[in-house]
Each structure stands twice: as C-alpha cells, then as structure tokens.
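1. no sequence on this one, just coordinates:
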C-alpha cells in the first residue's frame, strides 16, 4: 500500500468527521500496488445509514483528503443502503483494504 501512516490517519479522520463514527473507508485501485508509481487515491466510504447528499459528501471527503495529501487527486465513491451499487463498488469491496 502506497500511503504513509500519517496519510491513513488523515483519511480516517476526515471520513469520521464527515460521515460519522460508524463510517468505514476503503482504499482500492493503484495505490494498493507497491510497485506502481503516481496515481490518484481511490476511496470507498461505507455508511450503514442512508446518505441524503452523496455527491456533496463525496466531494467534501475528496477535497479534505486532497488537502492533506498536497493536492493529490482523490476519487471517492459512496456505499450506502439508499444508493445504487455498480461494478466499481463490488471491485472496491472485494479488492480494497479497510483503512
């Protein structure tokens, strides 16, 4: 995994502040490959309760994480009971690492 312990802690903190204490955050995509270089940060925020404004939540989390990582591009998808799931959600759940 190509994240430092400080970056992981910052991601967790942002997720908990924005989505609440029950939220879980997964890293997936190229940042899991230690041999790769560069790349954005792909995150899936998992919520047990419905999310009223998922686009806003994803944007806020992405911006918060990007700020802590020096402006690196961050992509966020949301998994919640009221939201449709796509193949990217399945990939993130299967291959992602819980932070």
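-> Done, it's in. Nothing here was measured: the structure is a model prediction, and the numbers come from that model.

2. Quick one: neighbours of residue 45, just the number.
-> 25 (other C-beta atoms under 10 Å). Yep, even glycine has a C-beta here, placed from its N, CA and C like the rest.

3. Downstream of the helix or strand containing it, the next helix or strand is which one?
-> Using DSSP states H and E, residue 45 sits in strand 41-46. Scanning forward in sequence from strand 41-46 by DSSP H and E, the next helix or strand is helix 54-68.

4. Rounded mean pLDDT for that following helix, please.
-> Helix 54-68 carries an average pLDDT of 96.

5. List the buried residues of it.
-> Going by neighbour count (16 or more other C-beta atoms under 10 Å), the buried part of helix 54-68 is 54, 57, 58, 60, 61, 62, 64, 65, 66, 68.

6. Could you identify the pair within these that is furthest apart?
-> 54 and 68 (21.5 Å; C-beta to C-beta).

7. Need the contact partners of the strand holding residue 45.
-> 3, 11, 15, 19, 23-31, 57-58, 61-62, 65, 69, 72-80, 89, 92-93, 96 (C-beta atoms under 8 Å, 6 or more residues apart in numbering).

8. quick one: contacts of stretch 58-76?
-> Here stretch 58-76 has contacts from 7, 10-11, 14-15, 17-19, 29, 40-45, 77-78, using C-beta under 8 Å, 6+ apart.

9. how far does it sit from the chain's center?
-> 9 Å (C-alpha atoms, centre = their mean, to the nearest Å).

10. And stretch 50-64, by the same measure?
-> For stretch 50-64, the distance to the chain centre is 10 Å (C-alpha atoms, centre = their mean).

11. and what of stretch 36-55?
-> Distance, centroid of stretch 36-55 to centroid of chain: 3 Å (C-alpha atoms, centre = their mean).

12. Can you get me the start-to-end distance on it?
-> End-to-end distance for stretch 36-55, by C-alpha to C-alpha, to the nearest Å: 29 Å.
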